[in-house]
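[1] here's my sequence, what's the structure:
(2 chains)
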Amino acid sequence: MSAEITKVGIISCSGEAIREGTISRLATRRVLELLRPDVTVTLCLPLFLAGNEAERNFAKTHPTITIDGCEKQCARWSAEKHSGPVSGALIVSEILGTQPSACHCSSRDLCQADKEAVWAVAERIAAEVDRVLADATPPDAAAAGTGGGQCACSSPLTGGSITIKGAKVKIVGLPLIFERCAERSIPADDSGSTALLEVVKIYHHIQPEEEADYRSALLAAYQDFRREAKQTK
Amino acid sequence: MANEQIGNPVLVIPCSGIGKVHGLISREAAYLVTDELAPARTDTLCLALLVKGDPDAVAEVRNHACITLDGCAKACAEKNVQMAGGRVAKAIQVAACFKNHRGAQPGNASALTDDGWTIAREIAASAASDAARLFAGEEVIR
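    Okay, here's the model as predicted:
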């Protein structure tokens, strides 16, 4: 199976009775839409027991990551019962600790705490997707896939670009990444360049020897972003 | 309707399907009912917990009248409540509610637009009305 791996399935518990369930759902959507759009699909958890063979078969033949709100791990339990062992299992309450106490169940009430929590979990899911893909991809294929300096999620769909050693490099969702950095109050000067680089590395593969170039290019782009944001206010 | 159902909170259980906007509408409609429209008469539970077969969740759906809100005709919430031995007093399908909103742009699986919230509120109002009747020990038309 490993040679054919192109997609990772993500199953969110989406638990309705707890805040972490909403976070699991929104973070999963964030990964699907923005962070790893080309290499992820989602599977509908209730369909497992409702008898949908397509959902079960996908999870049998592709690596699957479950995102559970709490330690009861309903998504993991259901996936493993019907489709075998999962490749990764994350628990929102373990990632966030007590942070969700300020969060909400309904999206009509979403506040800054919700946004922070969703981003934090989405980043963990994206990292887990990368790990699972790396484990499932043969070394020669992995080398060929990263030859162009792009991340594991292949060609980015949308986003900004920066110039590295005279070549334009697209980074998927760069404006949203910058927005996230601004929300975290990462300064748009040298003191924030390391933090900026670390955030972008979550979404975009950067070789260690390229970090210095990326650091300065990202900082310049981030300064432009902050300047434009200030002007539009 | 058995008398013991009078004054018994009604469970409003959405499918929360994650692939389409319909699932999000079902989820938000459920929260509108349990948070705003009928908080004293209704409650919700994690469908995933029921899917898992958690004894407390199974007991909940067996001891309370349930209103299921499903995004599509696959009716995962309704089926899973039934499989757990629960009584589905009313099964609402979001997709069917779109018939009155031709051309509506409800949003996507991550966020609802004004159209989406309008549909969610309509569904919630209907579910809250049914919940009030069930809470009072009356039957509702499925």
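
[2] from here on, just use CA atoms for contacts and neighbour counts.
    Will do.

[3] for the helix or strand of chain B with the lowest mean pLDDT, packing partners?
    Of all helical and strand segments in chain B, the minimum by mean pLDDT, DSSP states H and E falls on helix B:94-97, at a mean of 89. Counting contacts by 3 or more CA pairs under 8 Å, 6 or more residues apart in numbering or on different chains; DSSP states H and E, helix B:94-97 packs against helix B:21-31, helix B:114-135.

[4] next up, the contacts around the nearest residue to residue A:219 once chain neighbours are set aside.
    Counting by CA to CA, 6 or more residues apart in numbering or on different chains, residue A:219 lies nearest to residue A:193, which is 5.9 Å off, once chain neighbours are set aside. Residues near residue A:193 by CA atoms under 8 Å, 6 or more residues apart in numbering or on different chains: A:187, A:215-216, A:218-219.

[5] restricting to C-alpha, output the host helix or strand of residue A:193 in PDB.
    For residue A:193, the element it lies in under DSSP states H and E is helix A:190-203. Output in PDB follows, covering the C-alpha atoms of helix A:190-203 (Å, rounded to 0.1, in the frame of the first residue of the first chain):
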ATOM      1  CA  ASP A 190      14.500  40.800  13.700                       C
ATOM      2  CA  SER A 191      13.400  39.800  17.100                       C
ATOM      3  CA  GLY A 192      10.400  38.000  15.600                       C
ATOM      4  CA  SER A 193      12.200  36.400  12.600                       C
ATOM      5  CA  THR A 194      12.900  33.100  14.400                       C
ATOM      6  CA  ALA A 195       9.300  32.700  15.600                       C
ATOM      7  CA  LEU A 196       8.100  33.600  12.100                       C
ATOM      8  CA  LEU A 197      10.300  31.000  10.500                       C
ATOM      9  CA  GLU A 198       9.200  28.300  13.000                       C
ATOM     10  CA  VAL A 199       5.500  29.000  12.200                       C
ATOM     11  CA  VAL A 200       6.100  28.900   8.400                       C
ATOM     12  CA  LYS A 201       8.100  25.600   8.800                       C
ATOM     13  CA  ILE A 202       4.900  23.900  10.000                       C
ATOM     14  CA  TYR A 203       3.300  24.500   6.700                       C
END
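
[6] quick one: that helix to chain centroid distance?
    Offset of helix A:190-203 from its chain centre (CA atoms, centre = their mean, to the nearest Å): 16 Å.

[7] how about that helix: buried residues?
    A:193-197, A:199-203 (16 or more other CA atoms under 10 Å in any protein chain shown).

[8] cool, and stretch B:41-56?
    So for stretch B:41-56, counting by 16+ other CA under 10 Å, buried means B:41-53.

[9] right, is it up against chain A?
    Yes. Applying CA under 8 Å from any CA of the partner chain, one finds stretch B:41-56 touching chain A at B:44-49, B:51-52.

[10] closest to residue B:136 among the residues you listed?
    residue B:44 (18.2 Å; CA to CA).

[11] the closest one against residue B:12, yeah?
    Yes. Counting by CA atoms under 8 Å, residue B:12 is a contact partner of residue B:44 at 5.1 Å.

[12] the buried residues of stretch B:41-56 into JSON lines, with extra columns for distance to residue B:66 and pLDDT?
    Below are these laid out as JSON lines (distance: CA to CA, whole Å; pLDDT from 0 to 100):
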{"residue": "B:41", "distance to residue B:66": "12", "pLDDT": "96"}
{"residue": "B:42", "distance to residue B:66": "9", "pLDDT": "97"}
{"residue": "B:43", "distance to residue B:66": "10", "pLDDT": "97"}
{"residue": "B:44", "distance to residue B:66": "9", "pLDDT": "97"}
{"residue": "B:45", "distance to residue B:66": "10", "pLDDT": "95"}
{"residue": "B:46", "distance to residue B:66": "13", "pLDDT": "96"}
{"residue": "B:47", "distance to residue B:66": "12", "pLDDT": "95"}
{"residue": "B:48", "distance to residue B:66": "16", "pLDDT": "93"}
{"residue": "B:49", "distance to residue B:66": "15", "pLDDT": "94"}
{"residue": "B:50", "distance to residue B:66": "13", "pLDDT": "93"}
{"residue": "B:51", "distance to residue B:66": "15", "pLDDT": "87"}
{"residue": "B:52", "distance to residue B:66": "18", "pLDDT": "88"}
{"residue": "B:53", "distance to residue B:66": "17", "pLDDT": "89"}
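
[13] just the closest residue of chain B to chain A, please.
    In chain B, the residue that lies nearest chain A is residue B:46 (4.6 Å; CA to the nearest CA).

[14] surely that residue touches residue A:16?
    Yes. Residue B:46 lies in contact with residue A:16 (CA under 8 Å); the separation is 4.8 Å.

[15] what about the residue of chain B most remote from its centre, is that helix, strand or coil?
    No residue in chain B sits farther from the centre than residue B:103, which is 24.0 Å out by CA atoms, centre = their mean. State at residue B:103, reduced to three classes by DSSP: H, G, I helix; E, B strand; the rest coil: coil.

[16] before we move on, back to that, let me have the buried residues of helix A:190-203 in CSV, extended by pLDDT and distance to residue B:89.
    CSV is the format used below for these (pLDDT from 0 to 100; distance: CA to CA, whole Å):
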residue, pLDDT, distance to residue B:89
A:193, 88, 58
A:194, 87, 57
A:195, 85, 54
A:196, 86, 53
A:197, 87, 54
A:199, 79, 49
A:200, 81, 50
A:201, 76, 51
A:202, 69, 47
A:203, 67, 46
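
[17] which bits of chain B sit near chain A?
    Counting by CA under 8 Å from any CA, chain B sits next to chain A at B:15-19, B:27-28, B:31, B:44-49, B:51-52, B:74, B:76-77, B:79-80, B:109-111.
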